[in-house]
Every structure is written in structure tokens, then in C-alpha cells.
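A.B. asks: what would the 3D arrangement of this be:
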Amino acid sequence: MELLEILQNAPKDSQMIADSIVITHAKLKRYDKILCSISGGSDSDILIDLCEKFDESSKITYVFFDTGLEYRATKEHLQYLEQKYGIHIEQIKAIKSIPFCCKTYGQPFLSKQVSEWIERLQNHHFQWEDKPFGELYKEYPRCKAALRWWCNDFKKSGEGKESSFNIAYNQYLKEFMVQNPPTFRISNKCCYYAKKMVASKFKTKGKFDLNMYGVRKAEGGARRTAYKTCFSSNEDKCDEYRPIFWYLNETKRIYEEYYDVVHSRCYMEYGLKRTGCAGCPYGRNFEEELEIMQQHEPKLFKAVNFVFKDSYEYTRAYRKFVTEKKKLSKR
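C.D. replies: Okay, here's the model as predicted:
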């Protein structure tokens, strides 16, 4: 189908969708070997549908990175996508699975950045003391960055907001950890070995000239600040393109309804708002996800509770601590 015909048949009430069609068409014309990362989530469903309007010469290699903790419904959905679009989605196992990483390096807690700082401190046998930076730096001279985080040594923003590089960015976390030092190892290595590293190796090995993935600015969080636009040019590596980067939630809804995009049972039946690493402790709503998992995929529920047991308990204790502190501050 030609570009003009696709545009004529596109939704008339969304210029953003029309723009993404035009730009994606141009990218597929320009590049010869394209990698497209698929998660099985709702954003990547739109990404595939958008790309398959043009990829008649099969330039795109679709790939799914299996972390070792995936919903059964996600795996089923990948098969559905292959049948619907007549494509093959290559499923790549993690270099080190999430369960292995958590057992070997430690469990994720609160966020990737917080987990990294805590891991560094634990590696130096830190005693979780509330002392000035200068005093602690003499005791732990090879742990400067993590100590700066612990001591809130990074300056606040011009608006007076707490720096995300300070422990105070997470309310009462320092007070909680001083009173309740972690008794288990904490690490963000599961993200590195199960996703980031395996994706990087696959991309380099395949010698792709363009990497596409379904990141949206409207998602918020770390992804919102990691990228400024939908395209990144790399001189010695493959370029990166994020076709639906500017899609708002309303844009996404219009696309889904107009093109009849069907999502996995994780969304349509389970009622999940996100997929990805099942039961990840980084998720603000992991308790809700666990309840849904227990009902629909009990085997996975047992698995994540075994893998993330200590992190779940520590997170619950921290949240309870914050709630009690806030109550006291209002008195």
C-alpha cells in the first residue's frame, strides 16, 4: 500500500498519528537492516501495526527479550501477533535470568538508581550511619558517589526540588534505613543482565543500522527524561527511532480503536495497566499486580514471591514507615 493511500485511510482527528505514519515510512525507506524490540505490551502492539503498514520488503527483525519472569498471556500474545501480521518474533533468552541475578547479586528495591547506590554501599560494608559526608568519606574513601547520595550532597534544582541523586528524593528513606538496615543484598543487576546487556549484544551482533522501540514520553518516569525526541543519531552505532514517542494516551486510544488493535489478555482479561518484568518491585502498584497474578497465573505468582520475597517485605515496611511519619507530621 502506498503512503498516500495509507494517509487517506488514517484517522482524520489525529495529526500526531499522521505524522508518525509519514516519519516511519521515511525511516523504513532510508534504512536497510532494522531491529524492532517487542515487549508484548500495548505500546509495542501499536508499534508493530504501524510498521507493518510499510515493511513489504521485510527489513525489520522483531525480537522479544525473555527475562525469565514473563506472563503466560504475553507469550500467547506473541504467537497471536505472528499469525496476525505474518511475521516472526525472535525470542532471546536473558544472558542471566532475573531469578539467577536476584540470587547471585541481590534483589531490586524501589528504583534502579536507588538499588545501585545501596549495592555500592553494601559492597563497602557500610553501617548505615547518619554522619556528615566528610566523616563517612574518611571511613569509606572508595565510595564517594554513593556516599553523596546517602548524605544528600547533590544540590537541589533551581526550583528548590530535591535532586533525584539524593536519598531525600524518596521521602524518609534515610531515616527508615538507619532504623532498619537491609538484611539482604540489593542490586539492579537483573535489569542489566536480563534486558540491557542482551539487547546490546544482539544489536551489535546483527549489525543493524536502525533500532526501533515503543517508548512514549507520556509514560513518565525515567523514560520521560532519557530521551528528548523520537530520533537519536549515532555515528559509530545504529541509529534509534521511537515511532510513537509523542503519542498521548488519547492518541493511543484513537489508534487502537481506529485500527482495531487487540492487546494481550494481561490487559483485556487480567486488567493490568502495564506488563514487562512480572511483579517487579520497582512498580508502584506491585501489590495490585500480585493480586491479579495470584488469580490468573498462580504459578508465576509463587515464582515472583520466591524471587523478590525480601524486597517485597522491605518495601512494605518502608511504605508503612512513610505513612506513620506523615501522620505524625500532621499532628
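
A.B. asks: what's the following helix or strand after the longest strand along the chain?
C.D. replies: As assigned by DSSP state E, the longest strand anywhere in the chain is strand 60-66. Using DSSP states H and E, the helix or strand that follows strand 60-66 towards the C-terminus is helix 72-85.

A.B. asks: outside of that next one, which residues touch it?
C.D. replies: Residues outside helix 72-85 that contact it (C-beta atoms under 8 Å, 6 or more residues apart in numbering): 38, 40, 45, 48-49, 52, 64, 87-89, 91, 262-266, 269-270, 275, 296-297, 300. All C-beta spots, glycine's among them, are computed from the backbone N, C-alpha and C.

A.B. asks: hmm, try it at 10 Å
C.D. replies: By C-beta atoms under 10 Å, 6 or more residues apart in numbering, the residues outside helix 72-85 that reach it are 38-41, 44-45, 48-49, 51-52, 55, 62, 64, 66, 70-71, 87-89, 91, 261-270, 272, 275-276, 278, 296-297, 299-300.

A.B. asks: restricted to buried residues, select those in ChimeraX.
C.D. replies: In ChimeraX, a selection of the buried entries from those looks like this (16 or more other C-beta atoms under 10 Å):
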select :38,39,40,41,44,45,48,49,51,52,55,62,64,66,70,71,87,89,261,263,264,265,266,267,270,272,275,276,278,296,297,300
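
A.B. asks: mind checking which of the contacts of helix 72-85 are in helices?
C.D. replies: S44, D45, I48, D49, C51, R265, C266, Y267, M268, H296, K299, L300 (DSSP state H).

A.B. asks: what ranges in this structure fall below the confidence cut-off?
C.D. replies: 1, 55, 157-159, 220-226, 236 (pLDDT under 70).

A.B. asks: okay, now the domains of it?
C.D. replies: 3-97+191-271, 110-181 (automatic domain parsing).

A.B. asks: phi, psi of E240?
C.D. replies: With angles defined as degrees, to the nearest 10, E240 sits at phi -130, psi 140.

A.B. asks: who are the neighbours in contact with it?
C.D. replies: 35, 203, 210-213, 215, 227, 230-234.
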